[in-house]
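Asks: coords below, sequence missing:
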């Protein structure tokens with residue numbers, strides 16, 4: 001099966017990262033210092049000075065025709081790159097004394113991106129001349145957010161001139177800066193064998209950093225015998241496997257990643273056998289799945305499949321869903337085909353649904369046009385998903401396609417989606433279609449209620465206006481009660497304020513029932529009682545559905561409020577419920593029970 005998709009943003013990103021990987025270490029080094037050329041063009045367009053205070057001393061020792069001050073004047077350069085080239089030429093001939101002067105001057109550059117670029121170039125040159133002094137300078141004066149870039153610049157240069165000394169000084173840094181130093185050394189010394197570059201990371205307690213950096217720039221195996229390294233790691237750390245440091249946990253995860261990369265997903269059984277029973281592999285394998293999903297999505301899905309079959313559902317189902325969603329954006333046909341190898345039925349269906357939804361989100365009509373090319377097992381589902389996606393923007397156009405849907409349950413789901421989106425788009429046209437539908441009265445009323453409920457979520461005022469103009473339903477209630485139901489959930493005060501728009505009779509009782517019940521749920525018992533009294537004055541029958549809530553949550557308040565109720569029918573109904581639940585209880589005194597018994601006696605008159 002082939003499913004054509006227009007080039008997506010993710011496809012473009014994939015191509016970009018492939019090209020980036022081909023550039024390798026040189027490109028990554030350059031990215032440490034380069035900045036967005038937009039800064040240059042924006043600055044060029046405005047003649048605002050880039051420096052507020054700068055010494056006018058010219059570096060006569062350089063013999064260069066440009067000083068740092070002159071480099072601030074961007075108008076003299078044709079491009080960002082021309083300015084950078086001049087900066088490099090200027091610094092190439094400087095000595096430490098001049099670099100110190102330039103460093104002082106660079107602190108006064110207003111634009112941060114330009115200031116940081118200049119400082120990185122200065123430190124690069126300084127590291128060639130005296131890396132120890134350069135390192136002391138940046139650890140003493142640099143802000144934390146910029147320090148790592150400067151550290152990388154130092155160790156990139158230092159690793160070429162004296163790698164042993166660079167390693168020794170890197171060992172004195174804190175963990176975060178040490179990791180930055182290791183990354184720079186490992187990246188810069190591409191002439192060294194992989195084993196030596198790994199040893200540098202291991203020597204500094206950051207072997208996982210070395211593996212990560214090398215994995216980003218190399219396409220060859222980094223661990224020749226990961227199974228042996230796994231066994232060695234477990235043996236070495238056996239006594240404290242449950243309290244590994246973050247660095248040790250990451251190294252363990254990288255070893256597992258390379259083992260699975262070499263031998264496949266089934267090796268997790270052997271991994272598990274080497275571990276004590278009380279040690280979980282979940283975190284390690286989550287890392288492996290995430291690591292694989294961008295470069296080896298099929299293997300990542302195979303791993304998820306094996307893990308779920310081993311009963312490790314927790315977390316891995318979500319990982320599998322995210323995996324196939326990202327995969328489907330780039331290779332939809334391969335992502336869908338891969339799902340058929342998943343053995344767990346529920347997971348397979350969920351993954352297939354995710355892939356089909358991702359394809360439909362890109363262009364549902366492509367999915368619709370290519371149904372015949374989709375495996376029969378998921379063809380009906382693909383059809384439904386395509387129509388559901390079309391219904392989001394063109395709900396009315398889906399009506400003519402419903403007859404092609406064989407499954408009645410699927411038709412109902414699609415029809416519900418049409419109502420949901422059409423209600424928001426054009427409630428008038430939707431109600432006309434519902435009225436002209438040949439379905440039963442009850443079904444049409446339910447469709448109308450659903451439509452108003454959907455509209456109430458986005459435009460409650462319009463929903464209430466439309467509902468109030470519709471005929472009373474077969475249950476004796478106006479459609480506005482469905483709108484009030486939704487408003488009461490999201491804005492109780494507003495629903496109470498709108499009660500006067502509700503038609504009298506059963507509709508008004510139902511509206512008050514909702515607001516009374518929601519007031520009780522919100523802990524506003526006094527408000528619920530006030531609404532009860534108010535309703536009893538408007539509708540002599542009193543509340544219906546809300547009465548059990550009042551009796552259960554505010555019995556004493558309800559009893560006290562009955563003195564304010566003029567309707568004998570409402571009083572009798574409330575008293576009857578209170579007696580039913582509390583006559584044999586100690587909640588009410590005998591005198592109070594007598595009052596309630598008197599209320600339930602038949603009366604003439606009101």
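Replies: That came through, no problem. As the structure is a computational prediction, the values presented were derived from the model and not from experiment. Residues are numbered from 1 along each chain as shown.

Asks: which stretches of the stretch 401-550 of the chain have low pLDDT?
Replies: By pLDDT under 70, the stretch 401-550 of the chain has no low-scoring segment.

Asks: Tell me which residue is most central in the chain.
Replies: The chain has residue 322 as the residue nearest its centroid, 10.6 Å off, counting by Cα atoms, centre = their mean.

Asks: State the three-state secondary structure for it.
Replies: On the three-state scheme (DSSP: H, G, I helix; E, B strand; the rest coil), residue 322 is labelled helix.

Asks: Wait, residue 120 touches residue 149, no?
Replies: Yes. At 6.0 Å, residue 120 and residue 149 qualify as touching, with contact defined as Cβ atoms under 8 Å. To be clear about C-beta, it is placed using only N, CA and C from the backbone, and glycine gets the same treatment.

Asks: rewinding a little: okay, the residue nearest to the centre of the chain and residue 507: tell me how far apart.
Replies: Residue 322 is 47 Å from residue 507, where distance means Cβ to Cβ, to the nearest Å.

Asks: Name all residues that make contact with the nearest residue to residue 566 once chain neighbours are set aside.
Replies: Counting by Cβ to Cβ, 6 or more residues apart in numbering, residue 537 is the residue found nearest to residue 566 once chain neighbours are left out, at 6.7 Å. Shown in contact with residue 537 (Cβ atoms under 8 Å, 6 or more residues apart in numbering): 565, 566, 567.

Asks: Give the burial count for the second one, as a bare number.
Replies: Meaning residue 566. 11 (other Cβ atoms under 10 Å).

Asks: My guess is it contacts residue 538. True?
Replies: No. Contact criterion Cβ under 8 Å: residue 566 and residue 538 do not qualify, at 11.1 Å.

Asks: which residues does residue 545 contact?
Replies: Residue 545 sits next to 510, 513, 517 when contact means Cβ under 8 Å, 6+ apart.

Asks: Buried residues of stretch 548-563, list them for me.
Replies: Using 16 or more other Cβ atoms under 10 Å as the test for burial, stretch 548-563 gives 549, 550, 551, 553, 554, 555, 558, 559, 561, 562.

Asks: ok, residues contacting it?
Replies: 516-517, 520, 525-526, 528-529, 532-533, 543, 571, 574-575, 577-578, 581-582, 587-588, 592, 596, 599.

Asks: Could you do stretch 416-425 as well?
Replies: Stretch 416-425 is contacted by residues 387-388, 391-393, 395-396, 398-399, 429-430, 433-434, 447, 450-452, 454-455, 458-459 when judged by Cβ under 8 Å, 6+ apart.

Asks: Weed out the non-buried ones from the residues you listed.
Replies: So, of those, 387-388, 391-392, 395, 398, 430, 433-434, 447, 450-452, 454-455 end up buried under the neighbour-count rule (16+ other Cβ under 10 Å).

Asks: now, which of these sits nearest residue 285?
Replies: For the buried ones among the contacts of stretch 416-425, the residue nearest residue 285 by Cβ to Cβ is residue 388; the value is 33.8 Å.

Asks: Hmm, residue 414 and the closest one touching each other?
Replies: Yes. The criterion here is Cβ under 8 Å, and residue 388 meets it with residue 414 at 6.1 Å.

Asks: Quick check: which ranges of this structure have low pLDDT?
Replies: Using pLDDT under 70, the chain drops low at 1-76, 142-145, 312-314, 603-606.

Asks: So which residues of it form strands?
Replies: Using DSSP state E, no strands are assigned anywhere in the chain.

Asks: nearest spatial neighbour of residue 485, skipping sequence neighbours?
Replies: Sequence neighbours aside, residue 514 is the residue nearest to residue 485 in space, at 5.5 Å (criterion: Cβ to Cβ, 6+ apart).

Asks: any idea how far the one you found is from residue 549?
Replies: To residue 549, residue 514 is 11 Å away according to Cβ to Cβ.

Asks: Residue 301 too?
Replies: 50 Å.

Asks: next one: residue 427
Replies: For residue 427, the distance to residue 549 equals 32 Å [Cβ to Cβ].

Asks: before we move on, what about residue 418?
Replies: In this view, residue 418 and residue 549 are 36 Å apart by Cβ to Cβ.

Asks: For residue 344, give me the backbone phi and psi.
Replies: Backbone geometry at residue 344, expressed as degrees, to the nearest 10, gives phi -70, psi 120.

Asks: which residues touch the closest residue to it other than its chain neighbours?
Replies: Nearest residue to residue 344 in three dimensions, chain neighbours excluded: residue 308, at 5.0 Å (Cβ to Cβ, 6+ apart). For residue 308, the contact set (Cβ under 8 Å, 6+ apart) comprises 316, 317, 320, 342, 343, 344, 347.

Asks: now swap in residue 285 and tell me
Replies: Residue 285 touches 256, 268, 303, 307, 312, 316, counting by Cβ under 8 Å, 6+ apart.

Asks: do residue 135 as well
Replies: Contacts of residue 135 by Cβ under 8 Å, 6+ apart are 127, 151, 154, 158, 169.

Asks: now do 6 Å
Replies: Taking Cβ atoms under 6 Å, 6 or more residues apart in numbering as the contact definition, residue 135 lies against residue 154.

Asks: got it, and residue 429?
Replies: By Cβ under 6 Å, 6+ apart, residue 429 lies in contact with nothing.

Asks: For residue 402, see how far away it is.
Replies: Residue 429 is 17 Å from residue 402, by Cβ to Cβ.

Asks: before we move on, back to that, tell me if I'm right that the residue nearest to residue 485 and residue 487 touch.
Replies: No. Judged on Cβ atoms under 6 Å, residue 514 makes no contact with residue 487 at a distance of 9.0 Å.
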